[in-house]
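J.: My questions are about this predicted structure, shown below with the sequence.
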Amino acid sequence: MTTRRLVVFGLALAATAVTLLPVCNAVFDCGCTWPLLGAADHCNIHHPAPPHCPLCRNWAYGALAAGLLFAAWVSGLALAARLVVHRR
């Protein structure tokens, strides 16, 4: 694996970890927020009555969402890296 691919992979992994919960809140309005601001502490999964966040309620949906977000970050960062390299 080239250094550029490792950098893209690492940045995509970090970006996914930071943005997954805010994206979850943007889609489902569940109360999830940025990791340093409470993460899932205010998610509606902690309330006794529904509706509950589907990503927090079902680990398979959460894993699928994380995988799709990771793939989106990898694609975007790889495209950006390719554009930067080809401009030189």
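T.: Sure thing, it's come through. Numbers count the residues shown, from 1 in each chain.
J.: Could you use CA atoms for every contact and neighbour count after this?
T.: OK.
J.: Only the buried residues of the lengthiest helix in the chain, if you could.
T.: Ordering each helix of the chain by length in residues (DSSP state H) puts helix 59-87 first. Neighbour counts over helix 59-87 (16 or more other CA atoms under 10 Å) mark 62, 65, 66, 69, 70, 71, 73, 74, 77, 78 as buried.
J.: residue closest to the middle of the protein?
T.: Here the mean C-alpha position of the chain is nearest to the C-alpha of residue 20 (CA atoms, centre = their mean), at a distance of 2.8 Å.
J.: Residue 24: helix or strand, and which one exactly?
T.: According to DSSP states H and E, residue 24 maps onto helix 3-28.
J.: I'd like to know which elements that helix is packed against.
T.: Where contact means 3 or more CA pairs under 8 Å, 6 or more residues apart in numbering; DSSP states H and E, helix 3-28 is packed against helix 59-87.
J.: Now do the helix it packs on against helix 3-28: the angle between them, please.
T.: If you take axes from the mean of the first three to the mean of the last three CA atoms, to 10 degrees, helix 59-87 sits at 130 degrees to helix 3-28.
J.: which helices and strands sit right next to helix 59-87?
T.: helix 3-28, helix 54-57.
J.: Residue 83: which of these is closest?
T.: Among these, the nearest to residue 83 by CA to CA is helix 3-28 (12.5 Å).
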